[in-house]
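Predicted coordinates and the sequence they were generated for:
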Amino acid sequence: MAAKSRSAGKSSAGKKGPKPGGAQRHAHSHGLLLIAAFKIFKGVFLLAIAFGARHLLSQNLAGDAEHLLDLLRIDPHNHYIHLLLERIAKIDERRLHQLRAGTFFYATLFLLEGTGLALRQRWAEYVTIISTSSLIPIEVYELLRHSSAVKLGLLFVNVVIVVYLIFELRRNRGA
């Protein structure tokens, strides 16, 4: 009888049950890792832009842009280049500080989302759904205002991310 209870104990000990405290995480999928990598990439990219903007605070932006155009042998009289130079010339130090603060905010948000998704945190899925879906109306507005293939592509990627994460949350509801 004692042998029976020992063998029964061994078979049940090898089974994987819920983690202690009910903190069982849902199975990880390749899609979540891909979204995590995308979010982390965007966060690192925005951090690089924010640190680059810090350098620009003490510079003559229009002069630097004209110098770069000369180095690259781009015609500064081109209509599009001229519009770009006009926009750069209008950026003052206050506006550059605002752009930099916004860039740091979004970089932090994307890095938080990406890290949370990579670590299989359920909260990261919710945060990503909320933050990504809240920006979709702005992306649609911008696309309607000035359409481009890049804007359309980014809108498509963000909609796919939101739909996929909602699907994942529903699929793993009981986990």
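Yep, that arrived.

Break the protein down into its structural domains.
Following automatic domain parsing, one finds the domains of the chain at 29-119, 121-175.

pLDDT on the host helix or strand of E86, on average?
Using DSSP states H and E, E86 sits within helix 79-89. Averaging pLDDT along helix 79-89 yields 73.

list the contacts for the one residue sitting closest to the centre of the chain?
The residue lying closest to the centre of the chain (C-alpha atoms, centre = their mean) is K39, at 3.0 Å. Contact analysis of K39 by C-beta atoms under 8 Å, 6 or more residues apart in numbering lists 110-111, 113-114, 117, 128. Where C-beta positions appear, they are placed from N, C-alpha and C, glycine not excepted.

ok, those vs H67, which is closest?
F110 (31.8 Å; C-beta to C-beta).

which residues touch the closest one?
Residues near F110 by C-beta under 8 Å, 6+ apart: 39-40, 42-43, 46.

The closest residue to it other than its chain neighbours: which element?
Leaving aside its sequence neighbours, F110 sits nearest to G43 (C-beta to C-beta, 6 or more residues apart in numbering; 3.5 Å). Assigned by DSSP H and E, G43 belongs to helix 30-56.

Now that helix: average pLDDT?
88.

Next, the angle from it to helix 79-89.
70 degrees (axes from the mean of the first three to the mean of the last three C-alpha atoms, to 10 degrees).

in helix 30-56, what's buried?
32, 35-36, 38-40, 42-43, 46-47, 49-50, 53, 56 (16 or more other C-beta atoms under 10 Å).
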